[in-house]
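*Asks:* Starting from these lines, generate the structure:
(chains A and B)
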Amino acid sequence: EIVLTQSPDTLSLSPGERATLSCRASRSVNTYISWYQHKPGQAPRLLISDASIRATGIPARFSGTGSGTDFTLTISSLETEDFAIYYCLERSNWPLITLGQGTRLEIK
Amino acid sequence: QVQLMQSGPEVKRPGASMKVSCKTSGYNFKDHGITWVRQAPGQGLEFIGWISNYNGNTQSAEKMKGRVTMTTDSLTTTAYLELRSLKSDDTAVYYCARDCSAISCVDFWGQGTLVTVSS
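*Replies:* Down below sits the predicted model:
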């Protein structure tokens, strides 16, 4: 069973700053990683699929990199609406999925 | 546009069963599987299971096996999640989500259904 570990658990930043979120897999998942933004009371929103492909309608300030076991979601310049919880998800053993524990991005 | 609309909140007694529906629209139902995920209060997202809308094949998380049944109705383009022998730690918001075309992710999500298990 693959374990996804996200870091940090909480990230405190100010609008305009750069956010770097990490997701590490316990073994290689190729590039079968996607990233989601989740706000309270809302459905999660797909940001990035296949490690680096921005989903339709997602602003260019969101980018994803990585392959194998180490993945990064970067938000180049934070907007107030970006403060939320972010999850990574792997699907290297389709159709099963594994989710990270989440990173809370909060306003400093 | 793609939409997944879930049924309303439920309150259940321990030992009872729940059944959540996920009505889909805006795409060819049989082309995308449905994944079920839940979020307990203060916790992260947890995988429950998956169902193919093409042939009804299912896969569920190990800890859910034996208690969960996932079904689909292609006539009404609706997916269903049933969970039996409910316990208090089944209290959660339950989400359905559509497989991406590339199947390596899920893209559109339902709005979530709160199920509260309490005596």
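*Asks:* Which helix or strand contains the residue nearest to the spatial centre of chain B?
*Replies:* Centroid check for chain B by CA atoms, centre = their mean gives residue B:36 as the closest residue, at 3.6 Å. For residue B:36, the element it lies in under DSSP states H and E is strand B:34-39.
*Asks:* Report how many residues lie close to the closest residue to residue B:103 other than its chain neighbours.
*Replies:* Among residues not flanking residue B:103 along the chain, residue A:94 sits closest, at 5.7 Å (CB to CB, 6 or more residues apart in numbering or on different chains). For the C-beta atoms, the positions are set from N, CA and C on the backbone; glycine is no exception. Neighbour count of residue A:94, defined by other CB atoms under 10 Å in any protein chain shown: 13.
*Asks:* Can you tell me how far the residue nearest to the centre of chain B is from residue B:68?
*Replies:* Per CB to CB, to the nearest Å, residue B:36 is found 8 Å from residue B:68.
*Asks:* coming back round to it: in its sheet, what does the strand holding residue B:36 sit against?
*Replies:* With DSSP bridges as the test, strand B:34-39 is paired with strand B:45-51 (antiparallel), strand B:92-99 (antiparallel).
*Asks:* Let me know which of those is tucked in deepest.
*Replies:* strand B:92-99 (a mean of 25; mean count of other CB atoms under 10 Å in any protein chain shown).
*Asks:* how distant is that strand from the center of its chain?
*Replies:* On the basis of CA atoms, centre = their mean, to the nearest Å, strand B:92-99 is displaced by 5 Å from the centre of the chain it belongs to.
*Asks:* cool, and stretch A:13-27?
*Replies:* On the basis of CA atoms, centre = their mean, stretch A:13-27 sits 7 Å off its chain's mean C-alpha point.
*Asks:* Which parts of that stretch count as buried, going by neighbours?
*Replies:* Of all the residues in stretch A:13-27, those buried under the rule 16 or more other CB atoms under 10 Å in any protein chain shown are A:13, A:19, A:21, A:22, A:23, A:24, A:25.
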